[in-house]
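K.L.:
here are the coordinates; sequence isn't available:
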């Protein structure tokens, strides 16, 4: 054994040094790669944070869009309801105009008959309301203007005339 240990031809220590140097080089390369990967991960983390922020903004915008959509729907419904109400009122006005046109034709015929038989007058300058009478009908039947008739009767509710009420007639 002494002979083997005294010979200095062993490459084992040189190989150990070479392997050690290679390990150090590989460790340096791995450290550089880990550092590069760490920087990439940090950049990706930043991008993920931005994406989360954008996602939050998109959700907020979607919520606002839903609210605006429901507000538009409510506005459409209320507008349609208003149009329906106006249509109903126009129908009522048309019916009242038709009644007024019919009543305008009727007093002329009634006036001809009243001239022959006499009008139902309670006293001088008074008129007794009959069924279907309105302020306009009374004014036409007595040849007076409607504004004069209204001025002489300030306490009369012309939309609620009752049969038998007495109305004063203006002087001609």
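P.N.:
Now that the structure is in, tell me what you want to look at. Values in this document were obtained by computation on a predicted structure and should not be read as measured data.
K.L.:
And the strands in the chain?
P.N.:
126-128, 166-168 (DSSP state E).
K.L.:
So which bits of the first one are buried?
P.N.:
Along strand 126-128, the positions that meet the burial threshold by neighbour count (16 or more other C-beta atoms under 10 Å) are residue 127. Glycine gets a C-beta too; all of them are placed from N, C-alpha and C.
K.L.:
list the helices and strands it packs on?
P.N.:
strand 166-168 (3 or more C-beta pairs under 8 Å, 6 or more residues apart in numbering; DSSP states H and E).
K.L.:
who touches the strand it packs on?
P.N.:
122, 125-129, 138, 149, 152-153, 156, 161 (C-beta atoms under 8 Å, 6 or more residues apart in numbering).
K.L.:
what mean pLDDT does the top helix by length along the chain have?
P.N.:
Longest helix in the chain by number of residues (criterion: DSSP state H): helix 12-117. The average pLDDT for helix 12-117 rounds to 85.
K.L.:
how near is residue 68 to residue 81?
P.N.:
20 Å (C-beta to C-beta, to the nearest Å).
K.L.:
Roughly how far does residue 163 sit from residue 15?
P.N.:
134 Å.
K.L.:
what's the answer for residue 133, then?
P.N.:
Residue 133 is 132 Å from residue 15, by C-beta to C-beta.
K.L.:
With neighbour numbers in mind, choose between those two.
P.N.:
residue 133 (19 against 10; other C-beta atoms under 10 Å).
K.L.:
The more buried one and residue 157: what is the separation?
P.N.:
Residue 133 is 13 Å from residue 157, by C-beta to C-beta.
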